[in-house]
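Colleague: I would like to see how this sequence folds:
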Amino acid sequence: MKVKSQKSKVKNIRVRMAPSPTGPFHIGSARTALFNYLFAKKYGGKFIIRIEDTDKVRSKAEWENSIKESLNWLGLDYDEGLERGGTYGPYRQSERSEIYKKYIEKLLVDKNAYWCFCSPEEIEAFKQERLSMGKPPIYKCHCPDLTESEILEKQKFQPTAGAIRFKTPKVEVIFEDLSKGKITYDGSLFGDMVIAKNLNEPLYNLACVVDDFNMEISHVIRGEEHISNTPRQILLAKTLGIEPPQYLHLPLILNQKRAKLSKRDPNITAKVSDYIEQGYLPEAMINFLAFLGWNPGGKDEIFSIKELENAFSIEKIQKSGAIFNAQKLDFLNGYFIRKMPLDKLTKLCLPYLIKANLIGGGGVEEVSKIAPMIALYQERLKKLSEIPELIDFFFKENLEYEKELLIWKGAGESELLLILDKLSNVISNINEQNWTKEKLNEIIMPFANELGDRGKMLWPFRAALSGKKASAGPFEIAAVLGKEKTINRIKEARKKIQINPNS
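Modeller: Sure, this is the predicted structure:
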């Protein structure tokens, strides 16, 4: 006997994202949410958020908040679920136990499920014995034929013991994955899976099947790591007389070594909250995630969310794993930072500057003061969290750096002193009204060119103003610093290299 999951003619598209609040929201979950969102928007469907919190020990409110905050940050507005509600709620599995209980009882009454009282030690010993014989570790339970009185007796003396197992049909399961094509599983290799701890505590596979049916989910779009659950869920659904939804499994997200991206990967953070904290923009993350396993074809690499909705199609989802390229994410983030209005970018940078104790509360006066500083680095900025380190020198009275930083290649200290003196004299004679980047360039560059190698003047000028090996150009920095601070920093630089401290 074969069990087939057929493609059904679905009029109403309803997809769901069903994360478990057992840890920080993962970048893979964000990708899954995005693909569900785009699919729903493309075909005029509904996008639902359902919280799968059957794991009572590990599920926490803080992780549910992480899910909501991440989705809100990404701008993935859902139609039903959580505080938004809807006609198919509740949307937390912990609040749906009475619904599951009816299905569990039906399976028990129809003899399609049974109570199991085998101990974990028995189960593990049996599996190890099977493995030692080179056989699949499929557990053969001793409890299917227990009588009602025997079950009651065991429950009386061991009220917390036992679980409910699904009597898995030993048949071939065939289903059509909308991306990968026809997939076949041998049901005889599954064993009788545990579907509930008791009548009130279902486990993942049963709760998932019941919820997808009751919420009228038309398509299940999820990561490839769930593909082994699909045949089990199809068997459960068919046994309950439920038509399964259509399935689409997204390719795995891989690191640069082509291994599955892990929460514990030392080189790539997998937590969405970390990307928010580091100052990545949602527009960049949306573009980046969209191309992790999907490509519309053509040369365009930058899309607005609306453009993604229009361009999205499941036919363009790739079958092989998607490489997580952190450099590509940085490029995209830099692109959107460069396109952002300066006033908006300045406001987004404020929390990082406040945290670094460079500014106070970010009032109007402070914002107007730091906007020109941020403007200098808008073209160079890859993520917002970099801004304090880039512009901290503007806020310091005395810069700490070694005198070697001031020395241009091939230049001696005596020559450098003369250059700094010349630079100081030229700057002292510049009128305040001419204190702009353009005028500074116009007045100072002729003197720099006279040296034959203008780096002899421009390098120490820039290093003296910023105290950094790399920074914005000297004319841009000076224009923001102002005349007085510029002259003082050149004087401080001279002190670092004076041959005779009394000269």
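
Colleague: From here on, just use CA atoms for contacts and neighbour counts.
Modeller: Will do.

Colleague: Give me the distance between the two termini of stretch 54-66.
Modeller: Chord length of stretch 54-66, first to last residue, is 18 Å (C-alpha to C-alpha, to the nearest Å).

Colleague: Distance from it to the middle of the chain?
Modeller: In terms of C-alpha atoms, centre = their mean, to the nearest Å, the centre of stretch 54-66 is set 18 Å apart from its chain centre.

Colleague: Going along the chain from the host helix or strand of Ile286, find the next helix or strand for me.
Modeller: Using DSSP states H and E, Ile286 maps to helix 282-290. Going down the chain from helix 282-290, the next helix or strand is helix 305-311, by DSSP H and E.

Colleague: what's the following helix or strand after that following helix?
Modeller: Next along from helix 305-311, by DSSP H and E: strand 322-323.

Colleague: relative orientation of whatever helix or strand comes next after that following strand and helix 282-290 in degrees?
Modeller: Beyond strand 322-323 on the C-terminal side, the first helix or strand identified by DSSP H and E is helix 326-339. Helix 326-339 runs at 150 degrees relative to helix 282-290, counting by axes from the mean of the first three to the mean of the last three C-alpha atoms, to 10 degrees.

Colleague: per-residue confidence averaged over the following helix or strand past helix 326-339?
Modeller: Using DSSP H and E, the next helix or strand after helix 326-339 towards the C-terminus is helix 342-355. Here helix 342-355 scores 95 as its mean pLDDT.

Colleague: How about residues contacting helix 342-355?
Modeller: 337, 359-362, 367, 370-371, 374-375, 384-385, 387-388 (C-alpha atoms under 8 Å, 6 or more residues apart in numbering).

Colleague: Now do the buried residues in it.
Modeller: For helix 342-355, burial by neighbour count (16 or more other C-alpha atoms under 10 Å) applies to 342, 345-346, 349-353.

Colleague: related to what we said a few turns ago, pull the distance from the helix holding Ile286 to the chain's centre.
Modeller: Using C-alpha atoms, centre = their mean, the offset of helix 282-290 from its chain centre is 9 Å.

Colleague: Identify the nearest residue to Glu379 in space, disregarding sequence-adjacent positions?
Modeller: Arg338 (5.6 Å; C-alpha to C-alpha, 6 or more residues apart in numbering).

Colleague: quick one, phi/psi of Gly412?
Modeller: Here the main-chain torsion angles of Gly412 (degrees, to the nearest 10) amount to phi -90, psi 170.

Colleague: Now do it against Arg494, distance only.
Modeller: According to C-alpha to C-alpha, Gly412 and Arg494 sit 13 Å apart.

Colleague: picking up where we left off before, when you filter the contacts of helix 342-355 down to buried only, what's left?
Modeller: 337, 359, 362, 367, 370-371, 374-375, 384-385, 387-388.

Colleague: closest to Ile487 among these?
Modeller: Checking those against Ile487 by C-alpha to C-alpha gives Ile370 as the nearest, at 20.5 Å.

Colleague: Could you look up the SS state of the closest one?
Modeller: helix (DSSP: H, G, I helix; E, B strand; the rest coil).

Colleague: contacting residues for it?
Modeller: Thr346.

Colleague: Let me know the pLDDT of it.
Modeller: Predicted confidence (pLDDT) for Ile370: 94.

Colleague: list the helices and strands the helix or strand containing Asn205 packs on?
Modeller: Element membership of Asn205, judged by DSSP H and E, is helix 204-214. Judged by 3 or more C-alpha pairs under 8 Å, 6 or more residues apart in numbering; DSSP states H and E, helix 204-214 is in contact with helix 97-109, strand 194-198, helix 229-239.

Colleague: can you tell which of those is closest to Gly81?
Modeller: Closest among those, using C-alpha to C-alpha: helix 97-109, at 16.9 Å.

Colleague: for the closest one, which positions count as buried?
Modeller: Buried-residue list, helix 97-109, by 16+ other C-alpha under 10 Å: 97, 100-101, 103-104, 107-108.

Colleague: one step back: and the helix holding Asn205, how far out from the chain middle?
Modeller: 26 Å.

Colleague: swap in stretch 435-452?
Modeller: Distance, centroid of stretch 435-452 to centroid of chain: 46 Å (C-alpha atoms, centre = their mean).

Colleague: Stretch 222-237 now?
Modeller: 24 Å.

Colleague: on that earlier part again, quick check, the residue nearest to Glu379 in contact with Leu376.
Modeller: No. Applying C-alpha atoms under 8 Å as the test, Arg338 and Leu376 come out as separate, 11.1 Å apart.
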